[in-house]
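> Just the structure for this:
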Amino acid sequence: MALRIGIVGTGWFAGKHAEILAGTEDVEIAGIVGSSKNKGDVFGIRYDAPGYESVAEMAEAGPLDAVYICVPPMAHGEIERELIERGIPFLVEKPLGADAELPQDLLGFLRLKAPDLVTSVGYHFRYQDNVRKLKEALHPGRIGMATGLWMGDMPQAGWWRRQESSGGQFIEQTTHIVDLLRYCAGEVEEVQAVYASRFPDEEWENTNVHDIGTVTLKLKSGAVANISNTCVLPPGAGKVGLSFYAREGLWEWTPGHLTSILAEGERRTVEETGNPYERETEAFLHAVRTGDKSGIRSDYADACKTQEVTFAALQSALTGRSIKL
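Below you'll find the predicted structure:
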């Protein structure tokens with residue numbers, strides 16, 4: 001029997017997941033929740049899926065096996081509560097919110113109401129082959145330090161440029177790098193950040209997010225990391241990556257490849273060829289069908305830890321103090 005999957009959202013991520021779901025055997029897109037029923041209807045035309053104004057309306061129209069949540073950070077909360085209350089598994093795109101308080105409240109509600117509910121969070125880099133190989137190669141106790149970056153241009157979405165809506169670049173974008181750091185090197189125990197706004201009024205209207213920032217993180221292993229980001233670059237210019245410096249050598253990760261430089265200068269590069277979004281969906285749907293969550297590499301509880309780190313960075317930047325987790 002086909003799984004009936006609902007989608008909340010009509011933006012880029014919703015389209016990305018919808019295309020994968022539409023091409024997956026024994027899956028039916030049961031409905032689309034948009035900011036209006038009309039938006040849901042328009043989005044759902046190519047999938048023969050009706051539009052709805054709310055999760056409750058979609059759930060009451062027919063049984064749902066799972067829901068994909070693809071909404072901006074400020075739109076989280078009631079969607080997850082409704083699904084948890086109804087016991088409907090969900091995959092939610094990162095970040096979990098614009099702060100850390102809401103995700104923690106939702107996690108408490110999840111543990112109270114549906115502790116065994118299948119959840120997954122869209123940290124898709126975890127599903128890459130090169131990240132698997134990176135994680136296998138690294139030993140957290142042997143890592144000296146790590147450096148990461150997310151350097152790009154200012155996104156065009158109006159909500160992204162507002163701190164209260166997106167949480168800022170480190171929470172909304174650079175969260176991927178923080179998550180990979182945690183995944184490969186272990187938990188963070190202290191955060192210190194410096195943010196600034198270099199060109200808030202020069203190029204972009206109605207913007208109050210910081211456009212540059214650098215964050216130092218102390219890990220429980222004793223290792224130290226630095227992650228920097230900016231959105232001042234022109235469109236088309238940018239760089240994303242994470243490097244680890246260990247006793248055994250240097251590992252440089254980017255979304256497209258993993259390069260290792262080991263003893264005697266031995267250099268190896270592995271190109272990424274798979275589709276992590278497809279693997280993410282495969283693991284999630286397998287868990288929905290069977291209850292086996294072992295393939296899910298980031299559930300809601302785990303993603304809350306990444307959210308805690310990224311929000312602590314904002315608190316540090318605003319107060320000028322180091323934040324201990």
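> When you work out contacts or count neighbours from here on, use the C-alpha atoms and nothing else.
OK.
> Quick check: residue 129 touching residue 272?
Yes. Applying Cα atoms under 8 Å as the test, residue 129 and residue 272 come out as touching, 6.5 Å apart.
> Those two: who's more crowded?
The neighbour comparison of residue 129 against residue 272 (other Cα atoms under 10 Å) goes to residue 129, with 19 against 16.
> phi, psi of residue 21?
With angles defined as degrees, to the nearest 10, residue 21 sits at phi -60, psi -40.
> and if you look at residue 243?
Residue torsions, per degrees, to the nearest 10, at residue 243 are phi -120, psi 140.
> ok, it - contacts?
Neighbouring residues of residue 243 by Cα atoms under 8 Å, 6 or more residues apart in numbering: 146, 147, 148, 250, 251, 252, 253.
> Next one: residue 82 relative to residue 122, how far apart?
Distance of residue 82 to residue 122, computed by Cα to Cα, to the nearest Å: 19 Å.
> got it, and residue 262?
For residue 262 relative to residue 122 (Cα to Cα), the value is 32 Å.
> More neighbours: these two, which one.
Shown here are residue 262 and residue 122; by other Cα under 10 Å, residue 122 has more neighbours (27 against 15).
> Can you flag which of the contacts of residue 243 belong to strands?
Counted as lying in strands by DSSP state E, out of the contacts of residue 243, are 146, 147, 148, 250, 251, 252, 253.
> Could you check how far stretch 262-273 is from the centre of its chain?
Chain-centre distance of stretch 262-273: 27 Å, with Cα atoms, centre = their mean, to the nearest Å.
> Show me which parts of that stretch are buried, residue by residue.
In terms of neighbour count (16 or more other Cα atoms under 10 Å), stretch 262-273 has its buried residues at residue 272.
> With stretch 313-322 instead?
So for stretch 313-322, counting by 16+ other Cα under 10 Å, buried means 313, 314, 315, 316, 317, 322.
> Widest-spaced pair of these?
314 and 322 (10.6 Å; Cα to Cα).
> Now list whatever residues contact both of these two.
Joint contacts of residue 314 and residue 322 (Cα under 8 Å, 6+ apart) are residue 193.
> Point out where the chain drops to low pLDDT.
201-203 (pLDDT under 70).
> The lengthiest helix in it - contacts with which helices or strands?
When the chain is parsed with DSSP state H, its longest helix is helix 300-319. Identification of packing neighbours for helix 300-319 by 3 or more Cα pairs under 8 Å, 6 or more residues apart in numbering; DSSP states H and E yields helix 101-113, strand 119-121, helix 169-172, helix 175-185, strand 188-196, strand 323-324.
> Look up how far residue 2 lies from residue 86.
20 Å.
> more crowded one of those two?
Using other Cα under 10 Å as the criterion, residue 86 and residue 2 rank with residue 86 on top: 14 against 11.
> what's near enough to touch the closest residue to residue 53 other than its chain neighbours?
Among residues not flanking residue 53 along the chain, residue 37 sits closest, at 4.9 Å (Cα to Cα, 6 or more residues apart in numbering). Contact analysis of residue 37 by Cα under 8 Å, 6+ apart lists 51, 52, 53.
> thinking again about what came up before, for PyMOL, write the select line for the buried members of the contacts of residue 243.
Selecting only the buried entries of those in PyMOL, with 16+ other Cα under 10 Å as the criterion:
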select buried, resi 146+147+148+250+251+252+253
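> closest to residue 308 among the contacts of residue 243?
residue 148 (17.9 Å).
> Is that closest one in contact with residue 227, as I believe?
Yes. Contact between residue 148 and residue 227 holds when scored by Cα under 8 Å: they sit 4.4 Å apart.
> what is in contact with the two at once?
residue 177.
> what's the distance between residue 73 and residue 99?
9 Å.
> tell me, what's touching these two both at once?
residue 167.
> Buried residues, the helix or strand encompassing residue 15. List them.
Counting by DSSP states H and E, the element that carries residue 15 is helix 12-22. Residues 13, 14, 15, 17, 18, 21 are the ones in helix 12-22 that count as buried (16+ other Cα under 10 Å).
> swap in stretch 145-164?
145-154, 159-163.
> could I get that stretch in CSV with only the CA atoms?
Below are the C-alpha coordinates for stretch 145-164, written out as CSV (Å, rounded to 0.1, in the frame of the first residue of the first chain):
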residue,chain,number,x,y,z
MET,A,145,41.1,21.9,15.6
ALA,A,146,38.6,22.5,12.8
THR,A,147,37.8,25.5,10.6
GLY,A,148,34.6,26.0,8.7
LEU,A,149,33.0,28.6,6.5
TRP,A,150,29.8,29.5,4.7
MET,A,151,30.6,32.5,2.5
GLY,A,152,28.0,33.7,0.1
ASP,A,153,25.6,36.5,-1.1
MET,A,154,22.5,38.0,0.5
PRO,A,155,19.5,35.8,-0.2
GLN,A,156,16.6,37.4,-2.0
ALA,A,157,13.8,36.3,0.4
GLY,A,158,12.6,39.2,2.5
TRP,A,159,12.0,37.0,5.6
TRP,A,160,15.7,35.9,5.5
ARG,A,161,16.9,39.4,5.9
ARG,A,162,15.0,40.0,9.1
GLN,A,163,16.6,38.7,12.3
GLU,A,164,13.2,37.9,14.0
